[in-house]
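**Student:** 3D, please:
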Amino acid sequence: ICLRCSDCAALVALSTNKMLVSRPALSSGLCAKPRSTRGCARRAVVVRAAGAASTAGQKYDYIIVGGGTAGCILANRLTADGSKNVLVLEAGVNGGDLTSVVPAGLTRLFQHPTLDWNLFSAHQQHLNNREVYLARGRTLGGSSATNATLYLRGTPADYDSWGLPGWTAADVLPWFVNAETNSKGASKYHGDKGLMQVESPRYQNELHGAFFAAAAAAGLPANQDFNEWNRPQAGYGEFQVSQKNGRRMDAFATHLKPALGRSNLSVITGARTTQLATESDSSGVRTVGVEYAVGGANGTKATAELAAGGEVLLCSGTVGNPQLLLLSGIGPAAQLAAAGLAVVADLAGVGQNLQDHPATLWAASMKPEYENIAVTSQLLTRDGTIKITNFPNYLLFGRGPLATTGCDHGAFVNTRGDDSDPDLQVRFVPGYALDADAIQSYIKFGKLRENKQKWPAGVTMQLLTARPKSRGTVGLKSTDPFDLPKVDLDYFQDEADLATLKSGVKIARSIAEQAPLNKYISQEGWPGADVTSEADLEAYIRKTACSGNALTGTCRMGKAPTDGSVVSSNDFSCWGVNSLRIIDASVIPTIPGGQTGAATIMLAERAAALLAQGTPVVRGTQQAAPEPVLA
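**Tutor:** The predicted structure is shown next:
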C-alpha cells in the first residue's frame, strides 16, 4: 500500500485494520499505479480563496452560491475561456474526501460529522409523528459526493410531462448524451466526450444473477439499459453508476477540481451565505451581491459584490435555496410577514412543491452455507473491519466489494397494472439490512464495528416510490440563517404513494419466493413473515419509511409566476428579481422516475451553455446541444 496515492490512502482511511508500512516500502513504490501525474505523484488540490477577506475589493461576474453538483459544473464552464471572474461560496468542506472516493465508504457518509448536513424533517403526521433523516452532502460536489452514485435519467414521459417548451424528452436527450463519457461508448443514448464519468457496475455477486433469474420467474422482463429510451423502463437489470474504474466520480472530481488552477476562479469553503443583497430602482429589484460568514455564526462576516452586469447563481439545493430566498425577503408575502421579514418580492412558489422518493424495504437472512456470498461477508471481517484481501483487486482492477455502494442492481415495476411508467423502484442489495429504515441500517453498522460484531448475511430489496404524488414544503424555523430550515416532506399525503410501497413489499416477496433466489434465503427479517394483512403492511411502512434522498422542486421552473413557479423555464431567471438565477434540482417541476443526479447535471449543462455561449433553451421545436468543452 502506498500512502502517497489517494486511492491507497482512501482505503487506509476506510479500514480500521492497522497496517504497518515502512518507509523503504513506500519509497520502493509498492503501489501498482505508475509514478506519474495520474498516480502517486498527483498534485494537491488547492482551494484558491481561503477566507472572508478574500473577496474584499473584488467584484465578480458570477457569484455561485453552493458548490454542489450544479455549482461545480457552472464554475467549470463559466471560467473556461478566462473572460469571466467567478466566485463559488460553499458552506461545507473541500471536495475529494477519501471516505467518499471509495464507493463502499457510503456506509460511513450518512450523518457524517463534516460531510453531511445532519438534516431531519419536521415530525411527519402520516409517519407516526416521526422525523425523517435527510442525507445532504456538505462539501464541494454536494450530494454527488455522498450519494449511492446511481445514474438514472428517468423516461421520456418524465420530461414531456413537464409541459415546458424546450424541455421535452427530445430536447433534453442531447444534453444527457453530451454531458457524459460512458463505458458503453458513443451511441444515440450515450456519449464519449463529456466530463461526467458513467460506467456499468464493476462488482458482481452471484446473488445478482439469482435476483435477475428470480425477477424473470416472477414475470418481469429484462432491461439491458435503463438509460436507453427505445424501450419501456419496466424490468430488471443493472443501474449504471457515476464512477470510473470503481472510483466515485462526483462533480468536484469531474468539473471543479480540473478548473481550480484558473486565475479567474475563486472558491471559498466553510462560507455560509446568509442573505442575498438586493437593491430596488425604477427597473425593479435586482441582486447586487451576497452576504456570507466564514467560521459559523460567530465567525467573520463579509460581502461579495457583483460587477456591472453580473449575476448571482443560486445552487444551494432543494432545501438551501428556499431558505436563502425567504431570508432575503423573496417568497410568499404572508409567510415573510409572519416571520417579521420585509417583502422584497412576493413569490408564492418559493418552498412549495417539495418532492422525494419515499422508501421502505424487505430483507431476509441467508442460510449458513451461503453466508460467505453476501457482499458484507466479502467486504468485512467478523469484527467489522475491511478485509485486507480486497485491496489488491480494487487497486489493480477497480473491482470487488469496495467498488460498490451495494444497490446498483434492481428493477422498475408498475404496480398499478396499467401502461404508465413504473411507480416502484427495487434496489437489490446482496446484504442484510440491519434496520427496517434503510438509512439507519448503514448508521447501525458503526455500532457493530464498535462492538466488533459481524454484519449478518442476507439479501435486501430497497423499495422506492419512483414517481410520488405527495408534495411537501420547505420553510423557515427562524430568521437565523444558521438554523436549518423546516422541511415538511408530507409523505403519504397522497395515499397512492403508500399503496405503491405496500405493493412493493408484496412484489419483493414474490421475487424472493422464486427458486433461483429462495434457495439462499433462511427467513424473512423485514417486515417479518407475520406481517401479511393490509393493515399490518401499512403500519410497517408508516413506521419505517425513509427518504430516497432525491429532494427536488421547491423553486420549480415554469412559464410564469402565476403558475406557481419560481424560475423561468426559458433562462432560469428568478421571477421578479433581476440578476438572480436558480440552477439545480430545486427547479425540477416533477421528479423523474429514478435518481436525480443525472437530471441535475443535464440542466446545469444547459444553464452553462446559455450563460457562456448564448445557447437558448428554446430554439424552434428542438435545439442541438453544443459539443462539450473538455476542461
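
**Student:** what are the bridge partners for residue 303, then?
**Tutor:** Beta-bridge pairing for residue 303 (DSSP bridges): residue 291.

**Student:** is it true that residue 156 touches residue 230?
**Tutor:** No - between residue 156 and residue 230 there is no contact under C-beta atoms under 8 Å: 9.8 Å. C-betas here are computed from N, CA, C, even on glycine.

**Student:** neighbour-wise, which of these two wins?
**Tutor:** Between residue 156 and residue 230, residue 156 has the larger neighbour count (other C-beta atoms under 10 Å), namely 17 against 8.

**Student:** separation between the more buried one and residue 107?
**Tutor:** Using C-beta to C-beta, to the nearest Å, residue 156 is found at 35 Å from residue 107.

**Student:** Also residue 499?
**Tutor:** Shown here: residue 499 relative to residue 107, a distance of 31 Å by C-beta to C-beta.

**Student:** and what of residue 262?
**Tutor:** For residue 262, the distance to residue 107 - C-beta to C-beta - is 35 Å.

**Student:** swap in residue 137?
**Tutor:** Counting by C-beta to C-beta - residue 137 and residue 107 are separated by 15 Å.

**Student:** Show me what the residue nearest to residue 222 when sequence neighbours are not counted is bridged to.
**Tutor:** Excluding its sequence neighbours, the residue lying closest to residue 222 (C-beta to C-beta, 6 or more residues apart in numbering) is residue 235, at 5.6 Å. Residue 235 forms beta bridges with residue 412, as assigned by DSSP bridges.

**Student:** For residue 235, which residues are in contact?
**Tutor:** Listed by C-beta atoms under 8 Å, 6 or more residues apart in numbering, the contact partners of residue 235 are 220-223, 411-412.

**Student:** Check residue 371 too.
**Tutor:** Applying C-beta under 8 Å, 6+ apart to residue 371 gives the contacts 377, 457.

**Student:** Report the secondary structure state of it.
**Tutor:** Classification of residue 371 by DSSP: H, G, I helix; E, B strand; the rest coil places it in helix.

**Student:** If I look at the residue nearest to residue 120 when sequence neighbours are not counted, what pLDDT would I see?
**Tutor:** In space, residue 120 comes closest to residue 131 once its chain neighbours are excluded; the distance is 4.3 Å by C-beta to C-beta, 6+ apart. On the pLDDT scale, residue 131 is placed at 97.

**Student:** Please apply the same query to residue 442.
**Tutor:** 74.

**Student:** in which helix or strand would I find it?
**Tutor:** helix 438-450 (DSSP states H and E).

**Student:** From the contact counts, what lies against that helix?
**Tutor:** Using 3 or more C-beta pairs under 8 Å, 6 or more residues apart in numbering; DSSP states H and E, the elements in contact with helix 438-450 are strand 358-366, strand 458-465, strand 546-547.

**Student:** how about those strands, which one is nearest residue 289?
**Tutor:** With C-beta to C-beta, the closest approach to residue 289 among these belongs to strand 546-547: 33.9 Å.

**Student:** The closest one: how far from the chain's middle?
**Tutor:** Relative to its parent chain, strand 546-547 has a centroid offset of 14 Å by C-alpha atoms, centre = their mean, to the nearest Å.

**Student:** now do stretch 317-335
**Tutor:** Centre to centre, stretch against its chain (C-alpha atoms, centre = their mean), the figure for stretch 317-335 is 22 Å.

**Student:** what does stretch 403-420 give?
**Tutor:** Put simply, stretch 403-420 sits 18 Å off its chain's centre (C-alpha atoms, centre = their mean).

**Student:** What's the end-to-end length of that stretch?
**Tutor:** For stretch 403-420, the first-to-last residue distance is 34 Å (C-alpha to C-alpha, to the nearest Å).

**Student:** Mind checking which of residue 137 and residue 107 has more residues around it?
**Tutor:** residue 137 (28 against 21).

**Student:** Distance of the more buried one relative to residue 373?
**Tutor:** Remark: distance between residue 137 and residue 373 (C-beta to C-beta) = 32 Å.

**Student:** and if you look at residue 107?
**Tutor:** For residue 107, the distance to residue 373 - C-beta to C-beta - is 19 Å.

**Student:** and if you look at residue 62?
**Tutor:** 51 Å.

**Student:** the more surrounded of those two?
**Tutor:** Remark: of residue 62 and residue 373, residue 62 carries more neighbours, 23 against 19, as counted by other C-beta under 10 Å.

**Student:** That one bridge partners, please.
**Tutor:** residue 86, residue 311.

**Student:** Tell me who's in contact with residue 68.
**Tutor:** Here residue 68 is in contact with 137, 141-144, 251, 315-317, 584 (C-beta under 8 Å, 6+ apart).

**Student:** since we're on residue 539, how many residues are nearby?
**Tutor:** Neighbourhood size, residue 539 [other C-beta under 10 Å]: 14.

**Student:** Convert the helix or strand harbouring residue 306 to CSV, retaining C-alpha atoms only.
**Tutor:** Using DSSP H and E, residue 306 sits in strand 300-314. Output of strand 300-314 as CSV, limited to C-alpha atoms (Å, rounded to 0.1, in the frame of the first residue of the first chain):
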residue,chain,number,x,y,z
THR,A,300,-16.1,36.6,10.1
LYS,A,301,-18.9,38.4,8.1
ALA,A,302,-18.3,39.6,4.6
THR,A,303,-20.0,40.7,1.4
ALA,A,304,-19.2,39.6,-2.1
GLU,A,305,-20.2,42.1,-4.8
LEU,A,306,-21.3,41.7,-8.4
ALA,A,307,-19.6,43.5,-11.2
ALA,A,308,-21.7,45.6,-13.6
GLY,A,309,-24.0,43.1,-15.4
GLY,A,310,-23.1,40.3,-13.0
GLU,A,311,-25.4,37.7,-11.7
VAL,A,312,-25.9,35.5,-8.6
LEU,A,313,-26.4,31.9,-9.5
LEU,A,314,-28.2,30.1,-6.6
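
**Student:** for that strand, which positions count as buried?
**Tutor:** Within strand 300-314, the residues scored as buried using 16 or more other C-beta atoms under 10 Å are 302, 304-306, 310-314.

**Student:** Let me have those residues in a markdown table, extended by pLDDT and distance to residue 610.
**Tutor:** Output for the buried residues of strand 300-314, formatted as a markdown table (pLDDT from 0 to 100; distance: C-beta to C-beta, whole Å):
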| residue | pLDDT | distance to residue 610 |
| --- | --- | --- |
| 302 | 95 | 29 |
| 304 | 97 | 22 |
| 305 | 98 | 23 |
| 306 | 98 | 18 |
| 310 | 98 | 16 |
| 311 | 98 | 11 |
| 312 | 98 | 16 |
| 313 | 98 | 11 |
| 314 | 98 | 15 |
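
**Student:** Now that we have those, can you turn them into TSV and tack on distance to residue 420?
**Tutor:** Output for those, formatted as TSV (distance: C-beta to C-beta, whole Å):
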residue	distance to residue 420
302	51
304	47
305	50
306	45
310	45
311	39
312	39
313	36
314	34
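
**Student:** Now flag whichever of those is closest to residue 357.
**Tutor:** The closest of these, once distances to residue 357 are taken by C-beta to C-beta, is residue 314, at 23.7 Å.

**Student:** Thanks again, I'm all set now.
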